[in-house]
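Student: Sequence and predicted model, in that order:
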Amino acid sequence: MMKKTMKRIKLVIFDLDGVIYRGSKLIKGADKTIKWLKTRNIKVAYLTNACSHSRKGRICKMLGLGLNAEEHEMFTTSYAVCHYILKNYPPKKRKVYYIGQKGLEEEMGLHGIRVVEAEKADIVVVGWDPDFNYKKMTDGFRAIERGADFIATNVDATFPVEDGLVPGAGAVVASLICTTGKQPKVIGKPNLFILKMILDRFGVKKEEVMMVGDRLETDILFGKKAGMKATLVLTGVSKKSQIKKLEKWKKPDYVLESVNDLPSIIK
């Protein structure tokens, strides 16, 4: 626990997989915690490294689990990648070959970013793809070799589902790092690219924000790099025993069994 008195929290940013749900199952108490925060005028945002859905698709999933999420609260890496491209590439250079799921293509379409075949691409965007195969690897490799920029939604090695862990986007990204010898621009946590957008949207300072996640090397590191309070929940990937191996500045400020315990540390 932190020894200092915590500054009043005005916004809580939640990771999703392993924090709010695992696969298609809501984590016990997540819905009650979110309602509790909102009744106390504490704003809520969701920041996930997952790119399999657009923001709208991710909200539909949460509504199906009984969570009343709104579009302005949702930040996904598919959404962040689009903003990165719009900010850093002129219109003629926004031609993307992507390795991922349809949610990534849907989000790019909503932002006017063209999805093209690999041989016409200026940018290769790589995310989690359960249908990843040798042809996709070859197409991505050749596009990058021809000079296309290499962007990764995230490099999470795994992510949690109902019955354990499965390989994440990092496994797909690693194949292209191996074949091209090039490192991608990584958009998702712990990269801070999307932080300013979140702070501006909710009108808060970083000192007034808490990041809640299940992964030390992404969620917690994101929070610590940003100067926010960082809370680890033990319902996802990282274990309490791993904390002692970290440098002091990378350690979470709080460790909870689940989001159900969050009200106990927020005043």
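Tutor: Received the coordinates, thanks.

Student: Quick one: residues contacting the spatially most central residue of the chain.
Tutor: Compute the mean C-alpha point of the chain, and by Cα atoms, centre = their mean the closest residue is residue 49, 2.0 Å away. Residue 49 makes contact with 15, 77, 153, 154, 156, 169, 188, 189, 218, according to Cβ atoms under 8 Å, 6 or more residues apart in numbering. All C-beta spots, glycine's among them, are computed from the backbone N, C-alpha and C.

Student: Looking at these, which one is closest to residue 245?
Tutor: Nearest to residue 245 among the contacts of residue 49 is residue 218, at 16.1 Å by Cβ to Cβ.

Student: Wasn't the closest one part of a strand?
Tutor: No - according to DSSP: H, G, I helix; E, B strand; the rest coil, residue 218 belongs to no strand; its state is helix.

Student: Going forward, count from 80.
Tutor: All right, first residue 80 from here; so that's residue 297.

Student: ok, now which ones touch it?
Tutor: Residue 297 neighbours (Cβ under 8 Å, 6+ apart): 94, 128, 233, 235, 267, 268, 269.

Student: show me where the stretch 130-279 of the chain has strands.
Tutor: Counting by DSSP state E, counting those that start in this stretch, one finds strands in the stretch 130-279 of the chain at the ranges 153-155, 174-178, 193-194, 202-205, 228-231, 237-240, 243-246, 264-265.

Student: which outside residues touch the first one?
Tutor: Okay, so that is strand 153-155. 124-127, 129-130, 132-134, 137-138, 182, 186, 273, 276-277.

Student: before we move on, what about the fourth one?
Tutor: Contacts of strand 202-205 from elsewhere in the structure, counted by Cβ under 8 Å, 6+ apart, are 160, 164, 168, 172-179, 183, 197, 219, 222-223, 227-232, 248, 251-252, 255, 263.

Student: next one: the third one
Tutor: The contact list for strand 193-194 (Cβ under 8 Å, 6+ apart) reads 173, 174, 175, 176, 177, 184, 187, 188.

Student: distance between it and the chain's centre?
Tutor: Remark: strand 193-194 is offset 22 Å from the chain centroid, using Cα atoms, centre = their mean, to the nearest Å.

Student: That one pairs with which strands, and in what direction?
Tutor: According to DSSP bridges, strand 193-194 forms sheet pairs with strand 174-178 (parallel).

Student: The strands of the stretch 130-279 of the chain: which one's closest to residue 335?
Tutor: For the strands of the stretch 130-279 of the chain, proximity to residue 335 was assessed by Cβ to Cβ; strand 237-240 is nearest, at 16.0 Å.

Student: Report the distance from that closest one to the chain centre.
Tutor: That offset, for strand 237-240, works out to 13 Å (Cα atoms, centre = their mean).

Student: And for stretch 120-132?
Tutor: 8 Å.

Student: measure that stretch end to end?
Tutor: Stretch 120-132 has its terminal residues 28 Å apart, counting by Cα to Cα, to the nearest Å.

Student: can you pull the buried residues of that stretch?
Tutor: 121, 122, 123, 124, 125, 126, 127, 128, 129, 130, 131, 132 (16 or more other Cβ atoms under 10 Å).

Student: Please tell me I have it right and the first one contacts residue 345.
Tutor: Going back to what we said before, that points to residue 121. Yes - using Cβ atoms under 8 Å, residue 121 is in contact with residue 345, at 7.1 Å.

Student: can you list residues touching both of these two?
Tutor: Taking Cβ under 8 Å, 6+ apart as the contact rule, residue 121 and residue 345 both touch 88, 91.

Student: buried residues in the helix or strand of the chain with the lowest mean pLDDT?
Tutor: When the helices and strands of the chain are scored by mean pLDDT, DSSP states H and E, strand 237-240 comes last with a mean of 85. Across strand 237-240, burial judged by 16+ other Cβ under 10 Å covers 237, 238, 239.

Student: returning to that earlier point: could you list which of the contacts of residue 128 belong to helices?
Tutor: 156, 248 (DSSP state H).

Student: Out of the contacts of residue 128, which comes closest to residue 307?
Tutor: Of all those, the one sitting nearest residue 307 is residue 268; the distance, using Cβ to Cβ, is 11.9 Å.
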